[in-house]
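Colleague: When you get a sec, could you give me coordinates for this:
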Amino acid sequence: MRVGKVMSMVVVGLVALALPYEASAQQERQVGRKGATQLSFDVSVSATQSAASSFGTEQSWSGDYTFFIESGKFMTDHVVLTVGTFVGGGIGEDSVITSGVNGGLRYYMTPGSTVSPYVSGGAGIFSSHAEGFNSNAGTLLGAFGVDAAVRDNAMVYFEGQYQRLMFEGGSQNGIRFKVGLRVLF
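Modeller: Next comes the predicted model:
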């Protein structure tokens, strides 16, 4: 499946998740509520350990930066269904550009309060491009984070994420740290 088709599917998913939500005029600060839609923006950095599978195990470390946008819909008071897209590049590497899509679930421990820890998991696909090099891969991820409501419809969040990147000929384990803003509709 080409990246253009995948991006089109993500746009359709974002529109579907962004259905209007009627909020009362006296809304108090809280992380979320059933029926609400979240729109998330973040910047992150990661450290990645690579292991090649040919003739023994060879390991190396590298890093990257990523800009991410995600839409999420509270299916219950605690569970959010998410879909997002991202673009990023390598740190200390030659002009590597990475883009992709992913989706998953996020579970908030105390969504009705002003601060709520959460756990999340998901999967996605991505593509990396550099001069003379193209690579496609899949990813599985798990995360732990905390959202803090700073207004009745806005939260800042901090997240630590484990990623397992799988591609032909090898795999990578990654740790990503995210700081972002979520808007609640």
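Colleague: okay, and the helix or strand of the protein with the least pLDDT?
Modeller: helix 3-17 (a mean of 47; mean pLDDT, DSSP states H and E).
Colleague: Is T85 in contact with I69, as I believe?
Modeller: Yes. Counting by CB atoms under 8 Å, T85 does reach I69; the two are 6.1 Å apart. Every C-beta, even on glycine, is put in place using the N, C-alpha and C of the backbone.
Colleague: Who has more neighbours out of these two?
Modeller: Neighbours per residue (other CB atoms under 10 Å) separate T85 from I69, with T85 holding more: 22 against 15.
Colleague: Can you classify the more buried one by secondary structure?
Modeller: strand (DSSP: H, G, I helix; E, B strand; the rest coil).
Colleague: give me the beta-bridge partners of it?
Modeller: Judged by DSSP bridges, the bridge partners of T85 are I69, V101.
Colleague: got a pLDDT number for it?
Modeller: As predicted, T85 sits at a pLDDT of 94.
Colleague: strand partners of the biggest strand by length in the chain, parallel vs antiparallel please.
Modeller: In terms of residue count, the longest strand belonging to the chain (DSSP state E) is strand 133-151. Applying DSSP bridges, strand 133-151 is found paired with strand 115-130 (antiparallel), strand 154-167 (antiparallel).
Colleague: Mind checking the pLDDT average for it?
Modeller: On average, strand 133-151 scores 91.
Colleague: what residues does that strand touch?
Modeller: Contacts to strand 133-151, defined as CB atoms under 8 Å, 6 or more residues apart in numbering, come from residues 29-32, 96, 100, 102, 104, 108, 114-128, 155-167, 178, 182.
Colleague: same thing but 7 Å
Modeller: Around strand 133-151, the neighbours that count as contacts under CB atoms under 7 Å, 6 or more residues apart in numbering are 29-31, 102, 114-128, 155-167, 182.
Colleague: Likewise for stretch 175-185?
Modeller: 18, 21, 32, 36-47, 147, 153-163.
Colleague: Below-threshold pLDDT in the chain: ranges please.
Modeller: 1-27, 47-62, 92-95 (pLDDT under 70).
Colleague: same thing but 80
Modeller: 1-28, 45-64, 90-96, 130-133, 168-170 (pLDDT under 80).
Colleague: right, and T98 touches G88 too?
Modeller: Yes. Here T98 reaches G88: they are 5.0 Å apart, a contact under CB atoms under 7 Å.
Colleague: Give me the common contacts of the two.
Modeller: Taking CB under 7 Å, 6+ apart as the contact criterion, the residues that touch both T98 and G88 are D64.
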